[in-house]
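[1] heads up, no residue letters with this:
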């Protein structure tokens, strides 16, 4: 078995540093176990991200971007001074290893969760969580997979919060629930160097039977309000008619003027023949006789 086959057979459960001799000049390049070096091609990690070659012969220079930080370990122990970067930093070949940490905001989608609310209603809710790493050292030495840990924590927190709320509160008070969930997530993850920036509830799905029942309830409520409004209008109209009758009873000519005004309105709406007595007050005279 050759040297290349022995190198590929090394298990990647516990990453460590190995030395490769690359190229005709025998330049020393440092890589992790399980990495492949083919000719003069760039050295790549198992994640597929290229590792930059050291600058100069026998040097250990590395470059990190503005949005990255490097956490360096020397003989397995954390190097003092915290994370390095951005820019150029130096490592000692064969004794130092480092982990790159991305400081940009990451969004994760919480899959739909079927939850039983406080008032025994089954709903399906999904959400989106935005987070970023504010302490690269804590994120490396305390968490093996930041994305997976945050994803599982968001799922369990979402289920716990929804289980303590009524359906009406979930539908009408999403903003306060999102802020409460954001606070709980930050308190749980700040020791890992993770900052939860925002939580958004994307969708709340109800069973079809419950949707029909809520629609029928809303329709009945609207009908009841319409009837109450119509009754209040009739009451106000009757009061206005009573006051108008009292005013007209003081002067009989006012009733005749109102009668003529009504005839004019009816004649303007449609073509019709209207018969009315002349004089108009002939009926009271007949009653007197």
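    Sure, I can see it. Quick caveat: nothing in here was measured; it's all calculated off a predicted structure. Numbering: from 1, shown residues only.
[2] and the helices in the chain?
    Secondary structure of the chain by DSSP state H: the helices cover 3-8, 136-142, 146-162, 167-172, 174-189, 208-250, 252-269, 282-288.
[3] mind giving me JSON lines with those helices and columns for mean neighbour count, distance to residue 199 and mean pLDDT?
    C-beta: built from backbone N, CA, C; applies to glycine. Output for these, formatted as JSON lines (neighbours: other Cβ atoms under 10 Å; distance: least, Cβ to Cβ, whole Å; pLDDT from 0 to 100):
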{"stretch": "helix 3-8", "mean neighbour count": "10", "distance to residue 199": "43", "mean pLDDT": "42"}
{"stretch": "helix 136-142", "mean neighbour count": "18", "distance to residue 199": "20", "mean pLDDT": "93"}
{"stretch": "helix 146-162", "mean neighbour count": "17", "distance to residue 199": "8", "mean pLDDT": "92"}
{"stretch": "helix 167-172", "mean neighbour count": "15", "distance to residue 199": "14", "mean pLDDT": "86"}
{"stretch": "helix 174-189", "mean neighbour count": "16", "distance to residue 199": "5", "mean pLDDT": "90"}
{"stretch": "helix 208-250", "mean neighbour count": "10", "distance to residue 199": "25", "mean pLDDT": "86"}
{"stretch": "helix 252-269", "mean neighbour count": "11", "distance to residue 199": "61", "mean pLDDT": "74"}
{"stretch": "helix 282-288", "mean neighbour count": "9", "distance to residue 199": "79", "mean pLDDT": "59"}
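[4] okay, the ones you listed in JSON lines with distance to residue 90 next?
    Compiled in JSON lines, the helices of the chain are given as follows (distance: least, Cβ to Cβ, whole Å):
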{"stretch": "helix 3-8", "distance to residue 90": "26"}
{"stretch": "helix 136-142", "distance to residue 90": "18"}
{"stretch": "helix 146-162", "distance to residue 90": "26"}
{"stretch": "helix 167-172", "distance to residue 90": "54"}
{"stretch": "helix 174-189", "distance to residue 90": "32"}
{"stretch": "helix 208-250", "distance to residue 90": "64"}
{"stretch": "helix 252-269", "distance to residue 90": "96"}
{"stretch": "helix 282-288", "distance to residue 90": "116"}
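[5] tell me, what residue is most central in this structure?
    For the chain, the residue sitting closest to the mean C-alpha position, by Cα atoms, centre = their mean, is residue 200 at 1.5 Å.
[6] check contacts around that residue.
    Contacts here follow Cβ atoms under 8 Å, 6 or more residues apart in numbering; on that basis residue 200 touches 127, 128, 178.
[7] and if you look at residue 136?
    Counted by Cβ under 8 Å, 6+ apart, residue 136 has contacts 69, 71, 82, 83, 101, 103, 193.
[8] try residue 273
    When contacts are counted by Cβ under 8 Å, 6+ apart, residue 273 touches no other residue.
[9] ok, it to residue 266 distance?
    The gap separating residue 273 from residue 266 is 11 Å, by Cβ to Cβ, to the nearest Å.
[10] do residue 179 as well
    Relative to residue 266, residue 179 is positioned 63 Å away (criterion: Cβ to Cβ).
[11] go on, residue 248?
    The spacing between residue 248 and residue 266, counted by Cβ to Cβ, is 19 Å.
[12] the closest residue to residue 102 other than its chain neighbours and residue 105, how far apart?
    The shortest distance from residue 102 to any residue other than its chain neighbours is 5.9 Å, reached at residue 68 (Cβ to Cβ, 6 or more residues apart in numbering). The spacing between residue 68 and residue 105, counted by Cβ to Cβ, is 14 Å.
[13] select only the buried ones of the contacts of residue 136 in PyMOL?
    This is how PyMOL selects the buried members of these, with burial counted by 16 or more other Cβ atoms under 10 Å:
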select buried, resi 69+71+83+101+103+193
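[14] what sits against residue 73?
    79, 96, 97, 98, 99.
[15] one more: residue 210?
    Shown in contact with residue 210 (Cβ under 8 Å, 6+ apart): residue 121.
[16] cutoff 6 Å now
    Listed by Cβ atoms under 6 Å, 6 or more residues apart in numbering, the contact set of residue 210 is empty.
[17] one more: residue 100?
    So, once contact is read as Cβ under 6 Å, 6+ apart, residue 100 ends up touching 68, 70.
[18] outline the domain layout of the protein.
    Split into domains by automatic domain parsing, the chain comes to 14-102, 106-210.
[19] out of these, flag the one nearest residue 254.
    domain 106-210 (53.9 Å; Cβ to Cβ).
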